[in-house]
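Asker: sequence first, then the predicted structure, then my questions.
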Amino acid sequence: MMKKLFLLMLLMLHFASSNAKADLKDLDQKLRDHTFVYIDKKTGFEHTIYFGRFGQVYDEYFPCEFVDGTWWITSSGTVCLEDSYDKSRRDGKICLKPIIKGGRISFYDSDGQLAFHAKYIQGNGMPFG
């Protein structure tokens, strides 16, 4: 009886782990090769972020400035960004949970509070300058 219970628990853990990995892979595919356009709450300026389709790099544009960095998904399904040059802007320590609904993506902080909404656009929608 104990053996059967133990085997059942192992199977449940295996399937839960497989589902979590599949969910993270699905999220990765939904973010890659997409552009997010949002209004920064502090400055009121429009920001455009493009998550590259080959690897975890991003490009960002906000008035008169282009920056880049890396992005990754944590095991809990949050997205982290780290600026290549200015770590005071994005240091990879503040990660947000994305929720995608149609042509909109919303990012939530660790307390479940809305950080910002953005347009969710397929492909590279970066401005040319």
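Answerer: Yep, it's here.
Asker: for the longest strand seen in the chain, which outside residues touch it?
Answerer: When the chain is parsed with DSSP state E, its longest strand is strand 91-101. For strand 91-101, the external contacting residues (C-beta atoms under 8 Å, 6 or more residues apart in numbering) are 27, 30-31, 70, 72, 74, 76-83, 105-110, 115, 120. In this view, the C-beta of every residue, glycine as well, is placed from N, C-alpha and C.
Asker: low-confidence ranges, the protein, go.
Answerer: The model of the chain has pLDDT under 70 over residues 1-22, 129.
Asker: one more time with 50
Answerer: 5-19 (pLDDT under 50).
Asker: beta partners of the most centrally placed residue in it?
Answerer: Centroid-nearest residue in the chain, with C-alpha atoms, centre = their mean: Val79, separated by 3.4 Å. Beta-bridge pairing of Val79 under DSSP bridges involves Ile73, Leu96.
Asker: Phe116 too?
Answerer: What pairs with Phe116, by the bridge criterion (DSSP bridges), is Phe107.
Asker: partners of the helix or strand harbouring Tyr58 in the sheet?
Answerer: Assigned by DSSP states H and E, Tyr58 belongs to strand 57-62. Strand 57-62 has the following strand partners under DSSP bridges: strand 46-51 (antiparallel), strand 65-73 (antiparallel).
Asker: just to revisit the earlier point, only whichever of the contacts of strand 91-101 are buried, select them in PyMOL.
Answerer: Restricted to buried positions by 16 or more other C-beta atoms under 10 Å, the PyMOL selection for the contacts of strand 91-101 reads:
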select buried, resi 27+31+70+78+79+80+81+82+83+105+106+107+115+120
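Asker: that concludes my questions; thank you for your assistance.
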